[in-house]
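In: Sequence below, structure please.
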Amino acid sequence: MRIAVGVLALALAMVPPARGQLPPSTLAVRDGPDGPWVVWWRSDSAPPRWAEAHDALTRRLRWTESGPGLETAELTLAGTGEAWRVGLVVVRVDPARVRFELVRPAPQRNRMPGRWTIRDAPGDAVLALNAGQFAEGPWGWLVRRGTTDQPPGHGPLAPGIAFARDGSVTLLPPEQLTAPPSEAWFGFQSYPAVLLGDGVVPQPLRAPGRGVDLAHRDARLALGWHRDGRLLIVLTRFQGLGGVLEVLPFGLTTPEMSAVLGALGAREAVLMDGGISSQLLVGRGRARRTWPGLRGVALGLVARPAR
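Out: Numbers count the residues shown, from 1 in each chain. Here you go, the predicted model:
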């Protein structure tokens, strides 16, 4: 993984600096149950690289075991505008203890593409979420059980995520998708997806004018590689009005989501499809928890315990 990501990080760093500034915004976390909100990130002083996790977030996470190799924690942030209260659901995954699988639903009777939701996850799944982007079907590169179903797509910040049979998960630069490694048992692509590469915030997320809308706010879902080797899955949920409308597509900008993953200790991170598509299932049996979306998707990502 380090070789593939090293190439990606080098490419990010070589892009000429963009002009302009990020839209004004801040992210804060509460200092204790009834304490003041403490700002830990500002758009006007956003770091270009995350060398380590930010204590403001990590020391406030309270982890709960959710299944084999899975831990879950939740946190509330105070942001700008419609993101004035945003909940984070953070899942920490030991990839050696689970096996991932991409699920592509069968076409419907009218030959329209099938749609998947976390309700379709099998009973033995300990983790399920939507993957990648989609139009009529999954966008871009797609590998299932070692067979390439679709060639790479082309777009800004569009890497591939490859899952090997031994449980390892690798981030691949776009140029490697035409000849992916033979150990890619499952794989998919998404765009604009890169939030971090070797801790570096991509230039298109640091200033306007690089093809990414930096002001758009939405519900978000991201996959990150923590510095300790575990995976991080982060889902945002709108918490205005007491959380009654948590499925509304209100939330963080892409630069803010990059900051969240960096502050949580991710070295690499990518976006999945967000908005009303974002959905997550963690645990099984009585310990199972779900955060549904409002729309079915063309590709699901499921994890079962490793045997």
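
In: ok, residue 199 - contacts?
Out: 9, 49-51, 262, 267 (C-beta atoms under 8 Å, 6 or more residues apart in numbering). C-beta: built from backbone N, CA, C; applies to glycine.

In: Try it again at 10 Å.
Out: 9, 47-52, 227, 262, 265-269 (C-beta atoms under 10 Å, 6 or more residues apart in numbering).

In: Where strands are concerned, which of those residues count?
Out: Secondary-structure check on the contacts of residue 199 using DSSP state E: residues within strands are 266-269.

In: buried subset of the contacts of residue 199?
Out: Buried positions within these, assessed by neighbour count (16 or more other C-beta atoms under 10 Å), are 9, 50, 262, 265-269.

In: got these as CSV, with distance to residue 150 columns?
Out: Converted to CSV, those look like this (distance: C-beta to C-beta, whole Å):
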residue, distance to residue 150
9, 26
50, 32
262, 31
265, 33
266, 27
267, 28
268, 23
269, 23
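
In: returning to what we had before: which pair of the ones in strands among the contacts of residue 199 spans the longest distance?
Out: Of all pairs drawn from the ones in strands among the contacts of residue 199, the widest gap by C-beta to C-beta lies between 267 and 269 and measures 8.0 Å.

In: re earlier: just the closest of the ones in strands among the contacts of residue 199 to residue 286, please.
Out: Closest to residue 286, out of all of these and judged by C-beta to C-beta, is residue 266, at 30.3 Å.

In: For that closest one, list the residues it contacts.
Out: Contacts for residue 266 (C-beta under 10 Å, 6+ apart) come out as 50, 53, 195-196, 199, 222-227, 230-232, 234, 258, 260.

In: Could I get the contacts of residue 199 in JSON lines, plus columns for pLDDT?
Out: Converted to JSON lines, the contacts of residue 199 look like this (pLDDT from 0 to 100):
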{"residue": "9", "pLDDT": "46"}
{"residue": "47", "pLDDT": "96"}
{"residue": "48", "pLDDT": "96"}
{"residue": "49", "pLDDT": "97"}
{"residue": "50", "pLDDT": "97"}
{"residue": "51", "pLDDT": "95"}
{"residue": "52", "pLDDT": "95"}
{"residue": "227", "pLDDT": "94"}
{"residue": "262", "pLDDT": "98"}
{"residue": "265", "pLDDT": "97"}
{"residue": "266", "pLDDT": "97"}
{"residue": "267", "pLDDT": "96"}
{"residue": "268", "pLDDT": "95"}
{"residue": "269", "pLDDT": "95"}
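
In: and of those, the nearest to residue 182?
Out: For the contacts of residue 199, the residue nearest residue 182 by C-beta to C-beta is residue 268; the value is 21.7 Å.

In: From residue 186, how far out is the spatially closest residue to that closest one that is not a sequence neighbour?
Out: In space, not counting the residues next to it along the chain, residue 268 is nearest to residue 225; the distance is 4.4 Å by C-beta to C-beta, 6 or more residues apart in numbering. Computed as C-beta to C-beta, to the nearest Å, the residue 225 to residue 186 distance reads 17 Å.

In: Which one's more surrounded, these two?
Out: Ranked by neighbour count (other C-beta atoms under 10 Å), residue 225 and residue 186 place residue 225 first, with 25 against 22.

In: Can you tell me the element the more buried one falls in?
Out: Residue 225 is part of strand 221-226, with elements assigned from DSSP states H and E.

In: so how far is that strand off the chain centroid?
Out: Distance, stretch centre to chain centre, for strand 221-226: 5 Å (C-alpha atoms, centre = their mean, to the nearest Å).

In: Count the residues that sit near residue 301.
Out: Residue 301 sits with 24 neighbouring residues when counted by other C-beta under 10 Å.

In: my guess is residue 175 meets residue 141, correct?
Out: No: under the contact definition of C-beta atoms under 10 Å, residue 175 does not touch residue 141, with a separation of 11.7 Å.

In: Need the residues touching each of the two.
Out: 152, 159.

In: which of those two has more neighbours?
Out: Neighbours per residue, other C-beta under 10 Å: of residue 175 and residue 141, the larger number sits with residue 141, 28 against 12.
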